[in-house]
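Student: Predicted model, plus sequence, below.
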Amino acid sequence: MSDIWPVVHAERRALVADLADLSPEQWRTPSLCAGWSVHDVLAETATSAPPGPTLSWLGEALVHAEDIRRPLGIAHDHPLASVTAVTEFYAGSNVLIGGKRRVSGLTLQATDTEWSLGSGPIVAGPARALMLAATGRKAALDELTGPGVATLRSR
């Protein structure tokens with residue numbers, strides 16, 4: 001992905017639209033980031049980019065949006081090409097969140113697009129769930145199947 005900013009901006013706009021009518025209680029909902037509320041995660045991603053490669057910026061937009069939406073029960077379809085690019089980025093690096101270590105020796109296989117990565121026991125499921133699992137979000141593990149899930153769950 002050569003220019004991630006249009007996707008980042010579109011994803012941020014979609015998240016803002018999804019959150020426009022939240023109640024005060026919903027803003028305090030625990031996110032998928034331990035110890036952070038939905039409000040905390042949104043505030044952390046409002047207008048800046050994290051340090052690191054540009055794909056980490058897209059990853060932050062997609063993953064943190066899921067950190068917010070999932071606990072609120074809000075579904076959103078991210079562009080699959082963006083999700084798989086972010087998953088490949090995290091699966092190839094331990095620098096930011098240890099994704100490479102987490103998925104090493106496993107084959108990630110998307111069931112909603114023609115995409116797979118790695119070698120070893122298969123972990124299959126929606127691309128979004130694979131992205132979240134690669135970033136350590138345990139909430140996505142129940143969406144995954146295959147002989148590699150137990151290994152991924154233990155990491």
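Tutor: Arrived safely. Numbering: from 1, shown residues only.
Student: just checking, residue 11 touches residue 65?
Tutor: Yes. With contacts counted by C-beta atoms under 8 Å, residue 11 reaches residue 65, the gap being 6.0 Å. Glycine gets a C-beta too; all of them are placed from N, C-alpha and C.
Student: okay, and the common contacts of these two?
Tutor: residue 78 (C-beta atoms under 8 Å, 6 or more residues apart in numbering).
Student: got the contact list for the helix or strand where residue 131 lies?
Tutor: Following DSSP states H and E, one finds residue 131 within helix 127-134. In this structure, residues lying in contact with helix 127-134 by C-beta under 8 Å, 6+ apart are 32, 59, 62-63, 66, 78, 80, 83-84, 86-87, 90-91, 99, 102-103, 108-110, 112-113, 115, 123, 125, 139-141, 143-144, 152.
Student: can we see that at 7 Å?
Tutor: With contact meaning C-beta atoms under 7 Å, 6 or more residues apart in numbering, helix 127-134 is reached by 62-63, 66, 78, 80, 83-84, 86-87, 90-91, 99, 102-103, 108, 110, 112-113, 115, 123, 139-141, 143-144, 152.
Student: Check stretch 17-29 too.
Tutor: Stretch 17-29 is contacted by residues 37-39, 42, 69, 71-72, 74, 76 when judged by C-beta under 7 Å, 6+ apart.
Student: Only C-alpha atoms, please: export that stretch in PDB.
Tutor: Below are the C-alpha coordinates for stretch 17-29, written out as PDB (Å, rounded to 0.1, in the frame of the first residue of the first chain):
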ATOM      1  CA  ALA A  17     -19.800   8.400  12.600                       C
ATOM      2  CA  ASP A  18     -20.200   5.200  14.500                       C
ATOM      3  CA  LEU A  19     -19.500   6.900  17.800                       C
ATOM      4  CA  ALA A  20     -21.600  10.100  17.300                       C
ATOM      5  CA  ASP A  21     -24.500   9.100  19.400                       C
ATOM      6  CA  LEU A  22     -22.800   7.300  22.300                       C
ATOM      7  CA  SER A  23     -24.100   7.800  25.800                       C
ATOM      8  CA  PRO A  24     -21.800   8.900  28.600                       C
ATOM      9  CA  GLU A  25     -21.900   5.300  29.900                       C
ATOM     10  CA  GLN A  26     -20.800   3.900  26.600                       C
ATOM     11  CA  TRP A  27     -17.800   6.200  26.500                       C
ATOM     12  CA  ARG A  28     -16.700   4.600  29.700                       C
ATOM     13  CA  THR A  29     -17.000   1.100  28.300                       C
END
